[in-house]
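In: This is a predicted model, with the sequence first.
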Amino acid sequence: QPALSVEEQYADGRYADFVEAKENAAFYKYYLHHSFLRATQPQLANPSLSRVLDLGCGNGCLTHLLLGKRSDLRVTAVDRIRAMLARATKRTQALRDAGLLKTNTPEAAVEFVCANALDFHPGTTDTKLKQDSATAIATTTTAAAADSEGSSSSSSSSLSPSGGFYGLVVSSLVLCHMHTCQELNAFFANVAKLLRPGGLTVHLVPPLDQARQTRLLADGRTTGSKAKEDEEKVHLRPRIAEPKIERVEIPMPGGGSGSGGKDDDDDAQLSNSSSASPAPPPPVVLYDTRWAAGDYIRAAGEAGLVNARVVTCAVSEEGVRALGEEFWAEIQLHLGQYAMVVAQKPPLEPTRAAVGTNRNERLTVRCAARIAWGCALLSAAITLLMGHR
């Protein structure tokens with residue numbers, strides 16, 4: 001059978017079911033999602049956080065995790081595949097109706113946007129996913145009244161004057177779909193533009209390419225900085241080789257496990273035919289890029305992010321108790337060690353005017369203290385002279 005396009009593969013109802021089955025499995029619950037929530041906890045504990053961006057949201061898995069932790073979050077979930085966004089919308093409504101999401105307050109909101117993660121910005125409104133009344137959820141746009149993170153002039157059409165809009169930017173298994181260094185750099189550059197000063201970004205990634213990491217270390221290409229001297233040195237370093245891309249085939253289950261429609265009709269016709277048994281459905285073909293830790297740290301640093309690091313995922317204690325250490329050792333042997341890329345946007349530095357004002361205030365305090373000290377000495381001297389008389 002001819003190969004399906006990426007859009008056709010994601011639109012396949014059986015593949016969407018397959019993805020959700022994986023996300024409900026122990027591997028996601030006790031391993032990936034546990035590690036993700038642990039990495040984002042410091043930012044989620046910040047009461048000033050209210051706007052979150054989920055890039056490459058798929059069926060809304062990370063969006064649902066975050067909404068399950070904070071009832072006041074406003075999440076913008078972005079994906080370029082409309083079929084996955086439609087699935088995410090219905091899934092969000094179902095979870096909300098079941099009481100599994102804290103989205104029943106007027107302040108809470110989810111906005112699904114069809115856009116590319118490389119060039120999305122808060123003003124991306126022309127490709128917004130259309131939602132009918134039957135599947136509509138509590139929705140607000142980024143043009144809503146400014147929250148505690150923004151000023152009263154913030155809107156969906158532009159970033160805030162401080163150069164960002166979101167306090168937390170996340171993604172799950174999206175960076176492996178950046179196939180060139182240019183795409184990886186563009187991704188982190190856009191993340192840095194979208195983050196508010198002091199904001200956090202966390203990205204779940206598949207196992208790293210350790211051999212590539214060794215080569216990057218030898219070439220001195222594992223850090224990134226916008227400093228002028230580093231930009232000059234970069235021309236003296238060897239050119240970064242493009243990463244290795246692996247072709248991954250995921251076999252799809254046949255039968256009526258999909259969402260209905262043409263696939264189910266075809267299956268029924270095949271089952272009624274006595275000439276041949278039903279042909280298996282074509283597998284989903286994905287092309288995953290094997291990046292090294294140094295690639296992520298370099299790209300984040302060159303985008304102006306700080307404290308960039310790659311943290312390995314860890315199984316929760318609950319997962320170990322439920323399934324045992326041998327189970328997780330077997331999983332890691334077959335799937336490898338997943339990780340997270342974590343970085344921050346530097347907080348705003350005081351402006352020159354503010355620095356000047358603070359300096360003047362310090363000088364004023366010092367002068368006042370010296371005057372008071374001099375007056376005290378003069379008073380003591382006068383008292384002594386009067387005593388002698």
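Out: That came through fine.
In: Could you list everything residue 54 pairs with in the sheet?
Out: Residue 54 has these beta-bridge partners by DSSP bridges: residue 77, residue 170.
In: wait, doesn't it sit right on residue 174?
Out: No: counting by Cβ atoms under 8 Å, residue 54 stays clear of residue 174, with 9.6 Å between them. The way it works is simple: take the backbone N, C-alpha and C, and place the C-beta from them, glycine included.
In: Which one's more surrounded, the two?
Out: Shown here are residue 54 and residue 174; by other Cβ atoms under 10 Å, residue 54 has more neighbours (30 against 19).
In: partners of the lengthiest strand in the chain, with directions?
Out: Using DSSP state E to define each element, the chain has its longest strand at strand 195-205. In the sheet, strand 195-205 lines up against strand 166-172 (parallel), strand 339-344 (antiparallel) (DSSP bridges).
In: if you average pLDDT over the first one, what comes out?
Out: If I follow you right, that is strand 166-172. For strand 166-172, the mean per-residue pLDDT is 95.
In: With stretch 213-227 instead?
Out: pLDDT averaged over stretch 213-227 gives 65.
In: next one: stretch 42-49
Out: Rounded mean pLDDT across stretch 42-49 is 90.
In: Any idea how far apart the tips of that stretch sit?
Out: Terminal residues of stretch 42-49 are spaced 10 Å apart (Cα to Cα, to the nearest Å).
In: Next, the buried residues of it.
Out: 43-44, 46, 49 (16 or more other Cβ atoms under 10 Å).
In: again, but for stretch 85-100
Out: Residues 85-93, 95-96 are the ones in stretch 85-100 that count as buried (16+ other Cβ under 10 Å).
In: Now do the helices in the stretch 101-250 of the chain.
Out: 181-194, 210-219, 228-234 (DSSP state H, counting those that start in this stretch).
In: closest to residue 341 out of those?
Out: Of all the helices of the stretch 101-250 of the chain, helix 181-194 sits nearest to residue 341, with 8.9 Å by Cβ to Cβ.
In: Next, the buried residues of the closest one.
Out: Neighbour count says helix 181-194 has 181, 184-194 buried, by 16+ other Cβ under 10 Å.
In: what sits up against it?
Out: Contact with helix 181-194 is made by 53, 55, 117-122, 159, 163-166, 169, 174-175, 178, 201, 240, 242-243, 291, 295-296, 299-300, 302-305, 343, 345, as judged by Cβ atoms under 8 Å, 6 or more residues apart in numbering.
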